[in-house]
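> Sequence plus predicted model, see below.
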Amino acid sequence: MRIKYESVAGMISAVLMAAFTFNSTARPLPQSAPAPIKFDHALICVSDLAPMQQGLADVGLAPDYGGHHGHATTQMAQLGFPDGTYIGVESPVDTSVETGTPQSSLMKANAGPCGWSATSFDLKGDLYRVSRLGVAVGAPEPRSRTRPDGTLAEWRSASLGPGAPGSNLPFLMEDKTPRSNRAPKASSSIEGTTLTGVGIVVLGVQNLDENIALFQKVYGWPAPMVEDHPEFGAKLAYFAGTPVILAAASGPDPWVAERIARLGQCPIAFLLHAGDFRAATKHFSLLSGKRWFNLDVSWFDAKKLHGVRLGVVGG
């Protein structure tokens, strides 16, 4: 038996209702059961790819060129990690040509951190579960990219919640070709660094309580720990054991408030996980930072990264 998408009318737009159907065996998780989430990749949006590639190389994180996307208007570089996660740096192929992608305005604004994604092994089922909670979901859309060696990667992706995909809730990705086609093995610049993967996304939000409630609604997570970090310009809420920290503007440094006012809610920083934190900070000569939620945090030089806040977390 198939359940038509119209059965969730009022939760998503009429356009999406006609887009696809869901399997009737899919059921939403009880609110008391935390839903797992698998970090897929972090997305950095820039107007010009080369300067960010060089900036990453300058701090010891040289990415690999990843090729053009199927629509041929955007390209990317990738920094791969041993656990399969990666940082994708995306830009227009030609700045004079409109990309026609949801991240177009963020690329034009040279936003830096702009999105994040979670891996899905049952995209229709995941979308059905979230839509049943009253949260808007996007229709699955086919995507592809051809790597420089000719390898074709194909997947389907779909957004959760409002805003550009991955600007708050993650966008979901379900691979159609082997995931290794899209997410290659660890980049050579990662070897010997003890970095294992992208560990945490720090999401800039306008209202901390509203966004805490949203993530609890979608994933059933317990209440987060909350700390004020004026040195970072934000009050932070961390869902322990997950890859999510929410950040609302706070303190004398206005950069978080100014960024949200300019770009809207979207990631403001990414933290890479290190198996050996001290060894990683020594290897990269990182800037020291205050402990967050009993976790060690250090930062790469944001000036070299054209303002992108990228750090390492351990503990």
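Cool, the structure landed.

> Which parts of the stretch 1-150 of the chain are helices?
Listed in chain order, the helices of the stretch 1-150 of the chain (DSSP state H, counting those that start in this stretch) span 14-17, 49-58, 104-108, 123-131.

> Show me which positions of stretch 104-117 end up buried.
104, 106-107, 110-117 (16 or more other C-beta atoms under 10 Å). C-betas here are computed from N, CA, C, even on glycine.

> repeat for stretch 201-210
In stretch 201-210, counting by 16+ other C-beta under 10 Å, buried: 201-205, 208.

> cool, stretch 146-163 as well?
In stretch 146-163, counting by 16+ other C-beta under 10 Å, buried: 146-147, 153-161.

> Which members of the buried residues of stretch 104-117 are the farthest-apart pair?
Pairwise distances across the buried residues of stretch 104-117 (C-beta to C-beta) peak at 20.7 Å, for the pair Asn110 and Ser117.

> okay, which residue is most central for this structure?
Trp116 (1.2 Å; C-alpha atoms, centre = their mean).

> Can you name the residues bridging to it?
Taking DSSP bridges, one obtains Ala42 as the residues bridged to Trp116.

> Please determine how far it is located from Ile268.
Going from Trp116 to Ile268 by C-beta to C-beta, to the nearest Å gives 11 Å.

> again, but for Pro34
Pro34 is 25 Å from Ile268, by C-beta to C-beta.

> Same question for Phe293.
Counting by C-beta to C-beta - Phe293 and Ile268 are separated by 17 Å.

> returning to that earlier point: in TSV, list the buried residues of stretch 201-210 along with distance to Ser285 and secondary structure.
Rendered in TSV, the data for these read as follows (distance: C-beta to C-beta, whole Å; DSSP: H, G, I helix; E, B strand; the rest coil):
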residue	distance to Ser285	secondary structure
Val201	24	strand
Val202	22	strand
Leu203	28	strand
Gly204	27	strand
Val205	32	strand
Leu208	33	helix
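
> Just give me the closest of those to Gln75.
Minimum distance to Gln75 across the buried residues of stretch 201-210 is 22.6 Å, recorded for Val201 (C-beta to C-beta).

> and the closest residue to the closest one other than its chain neighbours, what does it touch?
Of all residues not flanking Val201 in the chain, Trp116 sits nearest, at 4.5 Å (C-beta to C-beta, 6 or more residues apart in numbering). Residues near Trp116 by C-beta atoms under 8 Å, 6 or more residues apart in numbering: 39-43, 166, 170-171, 201, 267, 270.

> got a pLDDT number for Trp116?
On pLDDT, Trp116 comes in at 98.

> all numbers from here: first residue = 346
Got it, first residue is 346 now, which makes that one Trp461.

> where's it relative to Leu631, distance?
22 Å.

> List the backbone torsions phi and psi for His574.
The phi and psi values for His574, taken as degrees, to the nearest 10, are phi -130, psi 80.

> Give the full set of residues in contact with the nearest residue to it once chain neighbours are set aside.
Spatially, and ignoring its direct neighbours in sequence, His574 is nearest to Leu581 (5.6 Å; C-beta to C-beta, 6+ apart). For Leu581, the contacting residues are 547, 571-574, 590-592, 637-638, by C-beta under 8 Å, 6+ apart.

> Show me what secondary structure element comes after the helix or strand hosting Leu581.
In the assignment (DSSP states H and E), Leu581 maps to strand 579-583. Using DSSP H and E, the next helix or strand after strand 579-583 towards the C-terminus is strand 589-594.

> List the neighbouring strands of that next one plus their orientation.
strand 540-550 (parallel), strand 579-583 (antiparallel).

> what's the average pLDDT for that strand?
For strand 589-594, mean pLDDT is 98.

> Check which residues of whatever helix or strand comes next after that strand are buried.
Next helix or strand after strand 589-594 toward the C-terminus (DSSP H and E): helix 600-608. Residues of helix 600-608 classed as buried: 600-602, 604-605, 608 (neighbour count, 16+ other C-beta under 10 Å).

> Helix 600-608 - what's its average pLDDT?
Helix 600-608 comes out at a mean pLDDT of 96.

> where does it sit relative to the chain's centre, distance-wise?
On the basis of C-alpha atoms, centre = their mean, to the nearest Å, helix 600-608 sits 18 Å off its chain's mean C-alpha point.
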